[in-house]
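J.: Got a predicted model here, sequence first, then my questions.
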Amino acid sequence: MSTLRDYLLDCPFKKNFGIDCFGCGFQRSVVLLFEGKLLDSIKMYPATIPIFILWATLILHLIFKFRWGAKAILAIFILCTTIIITNYLLKLFYV
């Protein structure tokens, strides 16, 4: 019986250059989240849940046209970007 782990893609950036990219760990983090391992998912890629919140906010804003939707999307986007860059730099220099 196959699992989600059997369908994970290799990172071409890591394969060619030998270092993680900004998205390395996202797929495994999503799989861990679907398996119910919330803390492991956050450790693997801290921006996974904020990215899902960003997507949900974007979809809801497109459907319901919230007055504050664009500002919320921008704020969540900045949060996600900050988490991704901070996590990348920490992995690059401390792991």
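T.: Yep, it's here.

J.: for Phe77, helix, strand, or coil?
T.: Here Phe77 is helix, with the state taken from DSSP: H, G, I helix; E, B strand; the rest coil.

J.: Now do the same contact list for it.
T.: Going by C-beta atoms under 8 Å, 6 or more residues apart in numbering, Phe77 touches Leu54. Bear in mind the C-beta positions are built from the backbone N, C-alpha and C, glycine included.

J.: list the buried ones in stretch 23-33?
T.: Buried positions in stretch 23-33, judged by neighbour count with 16 or more other C-beta atoms under 10 Å: Cys24, Gly25, Phe26, Gln27, Arg28, Ser29, Val30, Val31, Leu32, Leu33.

J.: can you check stretch 5-19 too?
T.: Buried-residue list, stretch 5-19, by 16+ other C-beta under 10 Å: Cys11.

J.: How far off centre is it?
T.: Centre-to-centre, stretch 5-19 and its host chain are 16 Å apart (C-alpha atoms, centre = their mean, to the nearest Å).

J.: any chance of the buried residues of stretch 23-33 in a markdown table, plus secondary structure?
T.: Converted to a markdown table, those look like this (three-state DSSP):
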| residue | secondary structure |
| --- | --- |
| Cys24 | coil |
| Gly25 | coil |
| Phe26 | helix |
| Gln27 | helix |
| Arg28 | helix |
| Ser29 | helix |
| Val30 | helix |
| Val31 | helix |
| Leu32 | helix |
| Leu33 | helix |
